[in-house]
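J.: Sequence and predicted model, in that order:
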Amino acid sequence: MRDSTKIIRSTLTRTVAGEPLHAGPVFAAPFHTPGDPADTPYTYARSHNPTWTALEKTIGQMESGQLASGESYRATALVFASGMAACSAVFGAVLRPGDVVVLSSNAYFAVRVLLQEYFAKMGVEVRPALTEPKLREDQLAGARLLWIESPSNPTMDVYDIAALSEAAHRAGALVAVDNTTPTPLGQRPLALGADFSIASDTKSMTGHSDLLLGHVAVRDLELRAKIDQWRTLTGGVLGPMEAWLALRSIATLPLRLERSCENAQRIAEFLLTRAEVVSVLYPGLPTHPGHEVAARQMRYFGPVLSFVLRDKQAAEVFLGKSKLLTEATSFGGVTTSAERRARWGGDAIAEGFIRMSAGCEAVEDLIEDMTQALDAIR
Ligand SMILES: Cc1ncc(COP(=O)(O)O)c(C=O)c1O
């Protein structure tokens with residue numbers, strides 16, 4: 001079965017007359033546990049909850065696939081209260097004092113801060129690495145974990161996940177890929193050889209800008225057990241309502257992703273034709289330095305694109321004049337949004353840098369609106 005069929009049908013209940021097609025959220029703190037609690041995964045909801053299980057099954061299917069060797073694998077996923085909770089779980093489960101984590105220098109800024117402000121101070125060596133394709137084998141020497149993000153937010157750098165995974169494994173390191181911008185439908189890091197595929201499902205996975213969620217997917221059951229234990233012990237878990245909303249939303253991911261990625265491509269091509277635009281960063285453009293690698297490892301180039309206008313003032317005029325680009329942070333929603341990214345600090349980008357997330361509106365309307373907003377820049 002194809003992805004959309006699998007995803008849509010994965011949440012159907014068994015055919016029992018009079019029963020609803022889909023299970024509702026299970027609201028429980030403790031569950032009945034007479035006798036031996038090992039008889040059920042559901043004892044206390046900080047550990048497991050049936051609504052999480054349903055969501056994890058759906059995400060696990062999306063992350064499953066075939067390795068380059070042709071061998072099929074089944075991924076398992078664990079869901080978290082946010083993308084950052086998912087990232088923290090990998091760091092907490094894997095890193096110990098004295099370990100080295102090689103961090104791609106354009107990883108999401110909160111990940112960099114978390115590693116540098118906390119893990120580094122607890123004795124983990126955080127080794128910032130140059131952006132692709134300059135990651136050298138010697139930068140991986142002695143590493144326990146390589147952390148990459150591809151395409152990266154907001155600079156849209158593309159990393160060759162298969163090549164880096166091979167190099168990291170040769171050096172004895174585990175590989176984690178933050179797969180937030182493409183989602184597992186757009187790119188499967190585990191099939192490319194990574195050990196962890198992590199995403200902020202706050203973004204395209206759920207796509208309606210109304211909840212926070214994250215997940216970690218793995219092939220290896222020992223790694224899964226460590227991540228699972230971290231989640232239970234730290235306890236920052238998601239509620240069943242969020243898990244259920246996510247399940248509803250994920251059913252339309254194939255439709256949303258297809259439309260928003262098509263829109264992103266059309267918008268990127270349009271921006272290239274405009275003199276006010278200094279540069280456009282989108283892996284779907286043949287002019288993007290990572291295009292060839294992206295075309296090899298991605299099924300969709302993603303809904304996020306970035307572009308640079310002359311300066312801060314030009315970017316502010318553009319965003320102010322636009323009527324259809326909702327000014328907001330985050331990305332991956334059905335609503336097209338954009339922001340001047342430098343207003344947050346933390347990334348090495350120009351003042352006129354705009355990160356945009358293409359939504360699912362009619363692209364002609366978006367392009368008409370952007371045309372008049374660009375015309376307003378003097
Ligand atoms: C690439 C990336 N990773 C992780 C996160 C963190 O996700 P969350 O906001 O769901 O905690 C974000 C959030 O923007 C992100 O863009």
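T.: That came through fine.
J.: so Leu190 makes contact with Ser72?
T.: No. Leu190 lies out of contact with Ser72 (CB atoms under 8 Å); the separation is 11.4 Å. Every C-beta, even on glycine, is put in place using the N, C-alpha and C of the backbone.
J.: residues shared between the contacts of these two?
T.: Common neighbours of Leu190 and Ser72, using CB atoms under 8 Å, 6 or more residues apart in numbering, are Ser64, Gly65.
J.: pretty sure Thr234 is in contact with Gly92, am I right?
T.: Yes. If you go by CB under 8 Å, Thr234 and Gly92 touch, sitting 7.0 Å apart.
J.: Mutual contacts of those two, please.
T.: In contact with both Thr234 and Gly92: no residue, using CB under 8 Å, 6+ apart.
J.: neighbour count winner among the two?
T.: Gly92 (19 against 14; other CB atoms under 10 Å).
J.: In terms of pLDDT, where does the residue lying closest to that one once chain neighbours are set aside sit?
T.: Of all residues not flanking Gly92 in the chain, Trp230 sits nearest, at 4.9 Å (CB to CB, 6 or more residues apart in numbering). On the pLDDT scale, Trp230 is placed at 98.
J.: between Leu190 and Ser72, which one's more packed in?
T.: Neighbours were counted for Leu190 and for Ser72 using other CB under 10 Å; Leu190 has more, 26 against 10.
J.: for the more buried one, what are its contacts?
T.: Glu63, Ser64, Gly65, Tyr73, Ala75, Ser197, Ala217, Val218, Arg219.
J.: just curious, which of the residues you listed is nearest to the ligand?
T.: Of all the contacts of Leu190, Ser197 has the smallest distance to the ligand: 12.1 Å, by CB to the nearest ligand atom.
J.: gap between the host helix or strand of that closest one and the chain center?
T.: Per DSSP states H and E, Ser197 falls inside strand 196-200. Computed by CA atoms, centre = their mean, to the nearest Å, the chain-centroid distance of strand 196-200 equals 6 Å.
J.: Same check on stretch 322-334?
T.: From the chain centre to the centre of stretch 322-334 is a distance of 17 Å (CA atoms, centre = their mean).
J.: what's near enough to touch the closest residue to the ligand within the chain?
T.: For the chain and the ligand, the shortest gap (CB to the nearest ligand atom) falls at Gly83, measuring 2.3 Å. Going by CB under 8 Å, 6+ apart, Gly83 touches Thr180, Ile198, Ala199, Ser200, Asp201, Thr202, Lys203, Leu212, Leu213, Gly214.
J.: Quick one: residues contacting the fifth one.
T.: Counting by CB under 8 Å, 6+ apart, Asp201 touches Ile59, Val79, Gly83, Leu213, Gly214, His215, Ala246.
J.: Quick check: the fifth one touching Thr202?
T.: Yes. Distance between Gly214 and Thr202: 7.2 Å, which falls inside the contact criterion (CB under 8 Å).
J.: out of the two, which sits in the busier spot?
T.: For Gly214 versus Thr202, neighbours defined as other CB under 10 Å are more numerous around Gly214 (26 against 23).
J.: What parts of the stretch 151-300 of the chain come near the ligand?
T.: Asn153, Asp178, Thr180, Ser200, Thr202, Leu212, Gly214 (CB under 6 Å from any ligand atom).
J.: and the second one, what does it touch?
T.: This means Asp178. So, once contact is read as CB under 8 Å, 6+ apart, Asp178 ends up touching Cys87, Ala107, Tyr108, Val111, Trp147, Ile148, Glu149, Ser150, Ile198, Ala199, Ser200.
J.: before we move on, back to that, give me the common contacts of Gly214 and Thr202.
T.: Ser82, Gly83.
J.: Any figure for the gap between the residue of the chain closest to the ligand and Ala75?
T.: Using CB to CB, to the nearest Å, Gly83 is found at 18 Å from Ala75.
J.: How about the longest helix belonging to the chain, which residues are buried there?
T.: Counting residues, the longest helix found in the chain (DSSP state H) is helix 253-272. Judged by neighbour count (16 or more other CB atoms under 10 Å), helix 253-272 contains these buried residues: 253-254, 256-257, 259-268, 270-271.
J.: In this structure Phe27 contacts Pro240, no?
T.: Yes. Between Phe27 and Pro240 there is a contact at 5.7 Å, judged by CB under 8 Å.
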